[in-house]
Every structure is written in structure tokens, then in C-alpha cells.
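Student: Here you go, sequence then predicted model.
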Amino acid sequence: MTGAGIALSITAKSHQTKCQQAMCQTPAHLLVFTFWRGSFCKTSGEWGMETENQSRVTKGRIGFRKAAGLRFAALLFGPLALAGCASSQNLKSAEHLVQNNFHGQAHVIKVFPGPTKKLTGIVAENAQHQQGILWMLSNRYLLLGPVVNDKGHDITRTATKKYLVQPRKVPAEQIALAAMKAPGFTIGHAGPLIVVFMDPNCIYCHLLWKALQEPVAEGQLRAKLIPVGFLKDSSVAKAATILAAKDPAVAWANNEKGFDENTEEGGTRPLAQIPPKDIAAINTNTALLQSSGEEATPTLLFCQKNAPDANASAGKTDRQMTLEHGIAMHALPTLIKSLDGNVSADGCIP
């Protein structure tokens, strides 16, 4: 994964790692860092979901990417102007920090000047050739995650667009064609149909699931949920176990009911023997999500009238299908009211 909204995931052996400030808790044997692009909290992205609890994440949209992700944002005060040229000493310091913190499993591609003299940008790459943006403060500290200034501008997103290859944007209708055939389940009895990609270990999917329950019960909308698995090692097994259940919708509801928000783990206990067809189905669903240009959850497909999203594609009618990676929680009621038509393999239909 490279480009805007890419995630650079590097696994390194370490002692138990506790996330500080706006970060998750990772397993004792893993240290994983993930980068996102975006102006929201849209990752573990363009940022995917803006939360209302600013103690957990920085302003903007936050989504998720491979592994739980470390949502660690540094708030820098000052303008976005670059502060000069990165030096050879910056490069040496960056290489030292990256090598030491990730035990040789990542290397520095290049360094570039940050918005202040003490902040240097780093383009790093792991063994899987995934690239992402890191920040080095005073040649001594490594910052993981998005960095924003006092105006709310996400300079990590800006740097991602400038220094990393951007993924090809896939038309929303193209994703919808495959999404409607993808294994999953639908909740709701009335209202416009949307599609949502979710990982069972995604806390923002968990928050969205809870927020959807009332409007779905009231018939304001229906949602086809497509299970994917990429955030944690247990994600595929949990998603496949849910898909293998007699009633996947009930199984997913139980996953959310038992969701541990502290560890960001869904409540599903994977089956000892998971049917291979269900594992294959989850992998196929995840590949479909990746083809959307972002490996981030929640990802939504929905139809609107005159959708304002610049990435939305226009159809033959005034309805437009939009592909959105993440959603600001406070904007959910407005989004639901704006829905017009149903997502289908043939585009937006009444």
C-alpha cells in the first residue's frame, strides 16, 4: 500500500508497549505503527471518522489500517511553511531512530524539511515495500501518526500527497458492482440501502455500528455490511467465524456487544476449525476494499442527490454514488437525511 491514505505497518519485537495519549494498546510482542492521510480523524487515512472524544484522537477523521494502529497525533503550533532543507545529519539521525526503534525492519528512503526547524519529515519503507510518513523532532524523537498545526491542517496528509505515490481512484460504481455480490449481510427493513465495510476489531466501526442501530430500527436506512479482516492478526479469523455463523447479523451484533474498547478487540471467539470458504470470502472482501484505494474501515458506499464529494461519480440521473473512507460521527444524522436511492450493481436506483 502506497500513496495518500496508505498505511505503513512495521512489526518489531519489543516489550509490552502501552500507547500514550491518543494511541491504542498493542500486543506485548508487537509494535506497529500506521500512517493515514486526511483532514479528519479518516488508518488506522484521508482520515475516516471524527470522534467526539478529543482525548482519544486529534481533530479530524480517523479510520483504521493494518493492525490496531497507533493513533498518536502531535499538535504543532505555527504556519505550514517549510523550514528549510533537511541535512545529511538529519538523514543520519533518522536512519538511527528508525533502525533502533524497528530493529532493522524498516529503512529510510529520504528526509525532507518539516514546518519548523526542529521537525524533519521521513519517508520510511518496510520489508513489504510499504511506504509511509514519519516525523523526527530535534533529531531525537520519532513521532508516529498524523501531525497537525494550530489551524487544524494535517501536514502528514500534505507530505503524503507530495512524497508518496497516490493510489488510483476507482469509481464508486465499480466497487458497488462487486460489493453487491460480496459475502455479507444486511440489517434494516426499510429506507435507502448503503454498503459498509467493517473489520471486527475496528473501534470506529464499533462506534458506527452503535450509532446506526436507532436509525436502522426506525427504518431510516438499511445497511449491507461486508466483513473484512486486516487490522489485527485475529481479524480474518473473527470475520470468517462471523460469516460462517447461522445468522451472521446476530453474530456480528454479539461481536459488538462484547467489544473491548480498551484493547480495541471484537468479542468474537474464532472457531477452532473455520471453513476454508469463509476465510477465502473474507480475503476476497478485503481485496475489494483495497481496490477502493484505501485499506481503511469503516468504508461506506451510498447514494445522494448532488453529492458534494469531489470523488463522487455522476450517473445518468441526479443521484450520485459516493465512496467514503470513514465518517464524522456528528455528521451521521445529516448523511442519513441526504441519502437518496439504493446502492446496487447497476448504480444508484430508486
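Tutor: Cool, the structure landed. Predicted, not measured: the structure shown is a model, and the values here were computed from it.
Student: any weak-confidence spans in this protein?
Tutor: Along the chain, the model assigns pLDDT under 70 to residues 1-87, 128, 145, 166-167, 169, 306-317.
Student: That one: strands as residue ranges?
Tutor: Assigned by DSSP state E, the strands in the chain fall at 74-76, 106-113, 119-126, 131-137, 141-143, 147-149, 185-187, 193-198, 222-227, 299-305, 313-314, 319-325, 342-344, 347-349.
Student: Show me what the last one packs onto, helices and strands only.
Tutor: Spelled out, it's strand 347-349. Judged by 3 or more C-beta pairs under 8 Å, 6 or more residues apart in numbering; DSSP states H and E, the packing partners of strand 347-349 are strand 319-325. (Each C-beta comes from the backbone N, C-alpha and C, glycine too.)
Student: Centre of the chain to the strand it packs on, how far?
Tutor: Relative to the centre of its chain, strand 319-325 is centred 17 Å away, using C-alpha atoms, centre = their mean, to the nearest Å.
Student: Using CSV, write out every CA atom in it.
Tutor: Only the C-alpha atoms of strand 319-325 are listed here, as CSV (Å, rounded to 0.1, in the frame of the first residue of the first chain):
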residue,chain,number,x,y,z
ARG,A,319,-28.3,10.7,-7.9
GLN,A,320,-24.6,10.2,-7.3
MET,A,321,-22.9,7.3,-5.6
THR,A,322,-20.2,8.2,-3.2
LEU,A,323,-17.3,6.1,-1.8
GLU,A,324,-16.2,7.5,1.6
HIS,A,325,-13.5,6.2,3.8
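Student: Report the buried residues of it.
Tutor: The neighbour-count check on strand 319-325 (16 or more other C-beta atoms under 10 Å) flags 319-325 as buried.
Student: do the same with stretch 185-198
Tutor: 185, 187-188, 191-198.
Student: could those residues be laid out in TSV, adding distance to Leu91?
Tutor: Converted to TSV, these look like this (distance: C-beta to C-beta, whole Å):
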residue	distance to Leu91
Phe185	51
Ile187	51
Gly188	54
Gly191	55
Pro192	52
Leu193	51
Ile194	46
Val195	44
Val196	43
Phe197	38
Met198	40
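Student: which one of these is nearest Val123?
Tutor: Nearest to Val123 out of these is Phe197 (C-beta to C-beta; 28.0 Å).
Student: which non-adjacent residue is nearest the closest one?
Tutor: Thr299 (4.3 Å; C-beta to C-beta, 6 or more residues apart in numbering).
Student: Specify the beta-bridge partners of the one you found.
Tutor: Listed beta-bridge partners, Thr299: Phe197, His325 (assigned using DSSP bridges).
Student: What is the neighbour count of it?
Tutor: A count of nearby residues for Thr299, using other C-beta atoms under 10 Å, gives 29.
Student: again, but for Ala296
Tutor: 40.
Student: That one and Gly326, how far apart?
Tutor: Distance, Ala296 to Gly326, using C-beta to C-beta, to the nearest Å: 7 Å.
Student: can you check Ala251 too?
Tutor: Using C-beta to C-beta, Ala251 is found at 24 Å from Gly326.
Student: So these two - more neighbours on which side?
Tutor: Between Ala251 and Gly326, counted using other C-beta under 10 Å, the more crowded position is Gly326 (32 against 19).
Student: Leu332 is in contact with the more buried one, correct?
Tutor: No - using C-beta atoms under 8 Å, Gly326 is not in contact with Leu332, being 11.3 Å away.
Student: tell me the contacts of the closest residue to Asp260 other than its chain neighbours?
Tutor: The shortest distance from Asp260 to any non-neighbouring residue, by C-beta to C-beta, 6+ apart, is to Gly267 (7.2 Å). With contact set as C-beta atoms under 8 Å, 6 or more residues apart in numbering, Gly267 has these partners: 254-260.
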